[in-house]
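Engineer: Give me a model of this one.
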Amino acid sequence: MPTGTETQPAASSQTLRQRRVNPQATTLDKHSEEMVPRVTQETMSDGIAVEKEEFLLHQVKSDTRTGGSNGSHSRNGDVLIGVNRTDNNISSNRRDDDDDDGDEIIVETSLSEPLLPPTERLREEIDESETVIPEEGSLLIAAQVFLPFLIAGFGTVGAGLVLDIVQHWPVYKEVTEVFILVPALLGLKGNLEMTLASRLSTAANVGNMDVKKEQWKMIEGNMALTQCQAIVVGFLASLAAVIFGWIPDGEFNIHHVLLLCASSLVTASLASGILGSIMVAVILFSKKCNINPDNVATPIAASLGDLITLALLSWISKLLFQAIGKDHWLAPSIIVLFLLLTPIWAYLSHHNKYTHDVLYSGWTPVITAMVISSVGGLVLDIAIRQYAGVAVFSPVINGVGGNLVAVQSSRLSTSLHKHLPMGSLPADRKGTCKNPFRVFFAKDQHSRSARVLFLMVIPGQMIFLYFISYVKAGHTSITLRVTAMYLIVAMLQVGFLLAIADWLVHLLWLRKKDPDNFSIPYLTAIGDLLGTSLLALGFYITWLLGDRDSDVGD
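Structural biologist: Residues are numbered from 1 along each chain as shown. This next block holds a predicted model:
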C-alpha cells in the first residue's frame, strides 16, 4: 500500500478521498475482534467538506494471519484498517504528515477502481473473504459412516459370540449377578469413550486441536478424567448388581460381592484405558486425513469396546471365582488398589483446564446412565434364564443402536457448537421437541443424516445375522420369523433413539449443558434398556407363534 502522496496519480484525473472516523464512536470487540467504527464526516483532499454520512463497518476482522505485522487487514489495497494489538488502541496504517495526533483512523480506498457506497464495498469484501463449507450429502455421510459401522458391528457380534459361550461358565451360573454387570460395563463405552470421542471430535472440528501443545494437554486431561470416571462408575455398577441380584433371590454372599466389585473395577479401568487410547489415535488420524471425526470416531469406539470389555470381565471374574476359598486377599487388594488410584486421576483432571469443569459437572449423566443400563442388565438376566438365544443377539442390537445414535448426537452437537451460542436454538426451530416426522423427512442436513443412519439398520443387521448363522453360533435357529422379529426390533430401537437424540441434544443446549458431555451416556443407556426389553418381548412373541424347537430356549 503506498504511503503519503508520492505515488498518487495526477490530481486532475482522480481525487484521493479520505474518510475520517471519530475514535469515540469506534468499538472493538475483544472476543470476536470485530471493529465497528462509525464514519461521521467525509472530506476531499483539498479540504472541502461534503455531505455528512454515517455507516457501520460490520465484521471487518483484524487478523495477523492474513494481514501485515501490525495486524492490518487488507485486500488488494481496496480497504485497509490498522489495529495495534499490543496496546489495544486503534491506530492508522496511513497518517497525514500534518496531522499526527493519533485521533483518527484513515480508511483508504483504491484509486484504480470506481468508488462504491461504503457499506456495499465492505459487504463485498466480507462476502469474498468468507469460506463457504458445503453441507455433506447423503452419499458422503454413508461412505464415511458405513465402513466404521460394519467394523463396530462385527465387534458387537464378537461380543455376542463371547457372551453366548461364557453364559455356561461356572462363574456365570453361580454368580448370576455378573449378567447384570454386562450392560453396565459395556455401556461404559457410551458413557466414557464415546463421550470422549464426541468431545475431541468437536474440538478438532472447531480448531481447538490445531496447536500441538494444547492438543496434548487436552488429550492428557481427558484420559485422566475417563480413568477417574471409569473406576467410580465401575464401583457403583457392582453395588447396583449386588442390589438388583439380592432383590429377587434375597441371598447375600460376601465372596460374590467382593468378586463383583473387583471384576468391575479392573474391567472398567483397563477397558477405558485401551479404548481411550484408540479413540485419540482415530481422531488424530481422521484430522490428518481430512475426514470428519464425528462420522468415524464413535463407531470405532464401539468396534472393539464390547468385545474387549466382555472378554476382560469374563476372564477376571473367572480368575477371582477360582480364588474363592484359596486366596481370600486377592479381591480385597484389587479393590483397595483401584480406590487409592482414584484421587490421583481426579487431581490430574482438576488441574487441567480442559477437564476441570467436566470433572464436577459430568457425573450426573454417567451415573444415571449406569443405573439405566443396570436395569437393562436385570432384564437381560431374566431373559437369558427363559430364552438362551437372547445372549448372542443382545450385544449386537444394543451396540449397533448405540453406535448409530452416537454418530447423530455428535453431529448435532458439533453443528450447534459451530453456529450458535449456548442457550439458543436455530431460527427454524420453535422448541426442543420436534415432530418425529420432521426428524427424518425435513430438508436440513440433520434429517438427511438421520435417514442415512436409519437406512443402515437393515443391510447392516442382515450382514450380522448371516455371519451369526454362518458360524452356527447361538442357541437360536435363525428362521424367517426370528429374522423378521429381529429386524423389526432393531428398526424400532434405532428410530426411537434418533428421535430422542434430536430432542435431547437441543434440550441440553438450550439449558446451557454441553451435549458432548451429557447426551451420549443417556442415549446409549436408553438404547441398552430399550433393545434388551424389545428383544426379550420379540423372543416371547416368536415362542407364542410356534418357534418352540429345542434351540429357542425351550
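
Engineer: and W329, how many residues sit next to it?
Structural biologist: W329 has 8 neighbouring residues, counting by other CB atoms under 10 Å. C-beta here means a position set from N, CA and C on the backbone, and glycine is covered the same way.

Engineer: and it, backbone torsions?
Structural biologist: The phi/psi pair for W329 (degrees, to the nearest 10) reads phi -80, psi -20.

Engineer: need the contact list for it.
Structural biologist: Listed by CB atoms under 8 Å, 6 or more residues apart in numbering, W329 has no contact partners.

Engineer: Can you give me the separation between it and Q493?
Structural biologist: Counting by CB to CB, to the nearest Å, the separation of W329 from Q493 is 44 Å.

Engineer: Also M218?
Structural biologist: 33 Å.

Engineer: contacting residues around stretch 332-339?
Structural biologist: 231, 235, 258, 261-262, 265-266, 269.

Engineer: Just the buried residues of that stretch, please?
Structural biologist: 334-335, 338 (16 or more other CB atoms under 10 Å).

Engineer: Filter those down to the ones in helices?
Structural biologist: 334-335, 338 (DSSP state H).

Engineer: Could you count how many residues lie near W363?
Structural biologist: Other residues close to W363 by other CB under 10 Å number 13.

Engineer: Looking at the ones in helices among the buried residues of stretch 332-339, spot the one nearest Y522.
Structural biologist: Y522 has its nearest neighbour among those in F338, at 26.0 Å by CB to CB.

Engineer: ok, longest helix in this structure?
Structural biologist: helix 212-249.

Engineer: Just the mean pLDDT for it, thanks.
Structural biologist: Per-region confidence: helix 212-249 scores 87 on mean pLDDT.

Engineer: Between M218 and Q493, point out the one with more neighbours.
Structural biologist: Q493 (27 against 22).

Engineer: my guess is the more buried one contacts G401, does it?
Structural biologist: Yes - with contacts counted by CB atoms under 8 Å, Q493 reaches G401, the gap being 4.7 Å.

Engineer: Name the helix or strand for A204, please.
Structural biologist: Using DSSP states H and E, A204 maps to helix 194-205.

Engineer: orientation of that helix relative to helix 212-249 in degrees?
Structural biologist: Interaxial angle, helix 194-205 versus helix 212-249 (axes from the mean of the first three to the mean of the last three CA atoms, to 10 degrees): 160 degrees.

Engineer: And helix 194-205, how far out from the chain middle?
Structural biologist: In terms of CA atoms, centre = their mean, to the nearest Å, the centre of helix 194-205 is set 5 Å apart from its chain centre.

Engineer: Mind giving me the packing neighbours of that helix?
Structural biologist: Counting contacts by 3 or more CB pairs under 8 Å, 6 or more residues apart in numbering; DSSP states H and E, helix 194-205 is packed against helix 212-249, helix 254-288, helix 293-303, helix 390-419, helix 515-544.

Engineer: and for that helix, what are the contacting residues?
Structural biologist: Counting by CB under 8 Å, 6+ apart, 209, 218-219, 222, 226, 276, 279-280, 282-283, 286-287, 292-294, 297-298, 301-302, 358, 362, 402, 406, 409-410, 413-414, 417-418, 515-517, 519-521, 524 sit against helix 194-205.

Engineer: what is the mean pLDDT for it?
Structural biologist: 77.

Engineer: For burial, what's the neighbour tally of K512?
Structural biologist: 10.

Engineer: again, but for D327
Structural biologist: Neighbours of D327 (other CB under 10 Å): 12.

Engineer: same check, this time on S314
Structural biologist: 22.

Engineer: what sits against it?
Structural biologist: Counting by CB under 8 Å, 6+ apart, S314 has contacts 162, 166, 169, 171-172.

Engineer: Apply 6 Å and report the result again.
Structural biologist: By CB atoms under 6 Å, 6 or more residues apart in numbering, the residues touching S314 are V166.

Engineer: so it is in which element?
Structural biologist: Going by DSSP H and E, S314 is part of helix 305-323.

Engineer: ok, now A152?
Structural biologist: With DSSP H and E as the criterion, A152 is inside helix 138-166.

Engineer: buried set for that helix?
Structural biologist: For helix 138-166, burial by neighbour count (16+ other CB under 10 Å) applies to 141-142, 144-146, 148-164, 166.

Engineer: Give me the contact list for whatever helix or strand comes next after it.
Structural biologist: Counting by DSSP H and E, the next helix or strand C-terminal to helix 138-166 is helix 170-174. If you take CB under 6 Å, 6+ apart as the criterion, helix 170-174 is touched by 166, 178, 317-318, 321.

Engineer: I'd like those residues as a markdown table, with distance to L239 appended.
Structural biologist: A markdown table is the format used below for the contacts of helix 170-174 (distance: CB to CB, whole Å):
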| residue | distance to L239 |
| --- | --- |
| V166 | 23 |
| V178 | 14 |
| S317 | 16 |
| K318 | 21 |
| F321 | 19 |
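
Engineer: Looking at these, spot the one nearest A369.
Structural biologist: Nearest member of the contacts of helix 170-174 to A369, counting by CB to CB, is V178, at 19.6 Å.

Engineer: Now for the closest one: which residues touch it?
Structural biologist: So V178 contacts 172, 317 (CB under 6 Å, 6+ apart).

Engineer: make it 8 Å
Structural biologist: So V178 contacts 171-172, 241, 260, 263, 313, 317 (CB under 8 Å, 6+ apart).

Engineer: Please apply the same query to L529.
Structural biologist: 183, 372-373, 375-376, 379.

Engineer: So what's the residue count around the residue lying closest to it once chain neighbours are set aside?
Structural biologist: Nearest non-adjacent residue to L529, counting by CB to CB, 6 or more residues apart in numbering: G376, 4.0 Å away. Using other CB under 10 Å, G376 is surrounded by 27 other residues.

Engineer: How about the contacts made by G376?
Structural biologist: 183, 398, 525, 528-529, 531-533.

Engineer: Now the two most distant members of the residues you listed.
Structural biologist: Of all pairs in these, the most separated under CB to CB is A525 and S533 at 12.6 Å.
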